[in-house]
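Engineer: Sequence first, predicted model second:
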Amino acid sequence: MTPLVIDSPHSGRDYPPDFDYGCPLLSLRQTEDFLVDELIDGATKAGATVILARFPRSYIDVNRAENDIDPDLLAEPWPSPLAPSPHTRQGLGLVRRLGLSGVPVYAAPLDPAQIMRRIEVCYRPYHAALQAAIDERCRLFGASFLIDMHSMPDGKNHMGGRRADFVLGDRNGESCVAHLTHVVGDSLQDMGYSVALNDPYSGVEIARRYGQPQHNRNALQLEINRRLYMDETRLEKHEGFARVRRDLTRLFESLSSALMEDRDNQLAAE
């Protein structure tokens, strides 16, 4: 065991029976972080704890705040104040109103009780598991490092160029100390990948909630460009999948070693 925790909140593909969606299933499946759970399966060998969502992000998105709900999705008012984010206003909130290409997910608005059940059955247990893993690391090692794993569609960055192979998100320095962010970025670059920082993704709820560098709790969002390992249209692996999985395992192993070395050096200095 090491201070490293890895999570994949958007790779779930077990669609619950009560998910009464009214759009094509492909529209929902294309919102998944396709097979990221398989890409990171070497993390446990590196001493990390891995937390995975089995339910799909289109059912409920644990990388949104609990009150980040789209009022236009509701058949009746929510019983407490809501705080929809700009993404939620675009239909991409805690519970998605729109699928890919603006396709409505539901044929009719949802009863608030339906959403609350998803919060109680999926959202809160996921965050409880993540919090417990981080707390255990801090108790054992005095520090934790969470890497929040995602995949992103290929596209353009904010400057109009092609997106990097990997995008690191530290909420512009708020969720992770610069040293750890650079260690991850440098390791990926040494493997031959291009890396960007906070462009176009800087981290959302998970990085915000669990990234507290001032308390030795660091969180870094890591986005993998899907062109590296999959055919986005057909939802299939391609020949790059094995390399990405192998290199991520190498990354987690080197991070675990570095974190334990840092801890040993701190103990020796005390």
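Structural biologist: All right, it came through fine.

Engineer: So, low pLDDT: which residues of the stretch 151-270 of the chain?
Structural biologist: Applying pLDDT under 70 to the stretch 151-270 of the chain flags residues 156, 158-159, 262-270.

Engineer: Mind doing that once more with 50?
Structural biologist: Scanning the stretch 151-270 of the chain for pLDDT under 50 picks out the ranges 267-270.

Engineer: show me where the stretch 101-250 of the chain has helices.
Structural biologist: 112-118, 124-141, 178-190, 205-210, 241-269 (DSSP state H, counting those that start in this stretch).

Engineer: wait, which of those is closest to residue 41?
Structural biologist: helix 241-269 (7.3 Å; C-beta to C-beta). C-betas here are computed from N, CA, C, even on glycine.

Engineer: Checking the closest residue to residue 102 other than its chain neighbours next. Helix, strand or coil?
Structural biologist: Leaving aside its chain neighbours, residue 102 sits nearest to residue 91 (7.4 Å; criterion: C-beta to C-beta, 6 or more residues apart in numbering). Put simply, residue 91 is coil when judged by DSSP: H, G, I helix; E, B strand; the rest coil.

Engineer: now do residue 16
Structural biologist: Following three-state DSSP, residue 16 is assigned to coil.

Engineer: How much space separates it from residue 48?
Structural biologist: 28 Å (C-beta to C-beta, to the nearest Å).

Engineer: what residues does stretch 176-190 touch?
Structural biologist: Contact with stretch 176-190 is made by 145, 147, 165-166, 168, 170, 195, 197, 207, 211, 213, 218-220, 222, 247, 250-251, 254-255, 258, as judged by C-beta atoms under 8 Å, 6 or more residues apart in numbering.

Engineer: Give the buried residues for that stretch.
Structural biologist: Residues 176, 177, 180, 181, 183, 184, 185, 187, 188 are the ones in stretch 176-190 that count as buried (16 or more other C-beta atoms under 10 Å).

Engineer: Could I have the CA atoms of that stretch written out in PDB?
Structural biologist: What follows is stretch 176-190, C-alpha atoms only, in PDB (Å, rounded to 0.1, in the frame of the first residue of the first chain):
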ATOM      1  CA  CYS A 176      -2.300  19.700  -6.200                       C
ATOM      2  CA  VAL A 177       1.100  20.900  -5.300                       C
ATOM      3  CA  ALA A 178       3.200  21.800  -8.400                       C
ATOM      4  CA  HIS A 179       5.900  19.200  -7.600                       C
ATOM      5  CA  LEU A 180       3.500  16.300  -8.000                       C
ATOM      6  CA  THR A 181       1.800  17.800 -11.100                       C
ATOM      7  CA  HIS A 182       5.300  18.100 -12.700                       C
ATOM      8  CA  VAL A 183       6.300  14.600 -11.700                       C
ATOM      9  CA  VAL A 184       3.200  13.200 -13.500                       C
ATOM     10  CA  GLY A 185       3.700  15.400 -16.500                       C
ATOM     11  CA  ASP A 186       7.400  14.800 -16.800                       C
ATOM     12  CA  SER A 187       6.900  11.000 -16.500                       C
ATOM     13  CA  LEU A 188       4.400  11.000 -19.400                       C
ATOM     14  CA  GLN A 189       6.600  13.200 -21.500                       C
ATOM     15  CA  ASP A 190       9.600  10.800 -20.900                       C
END
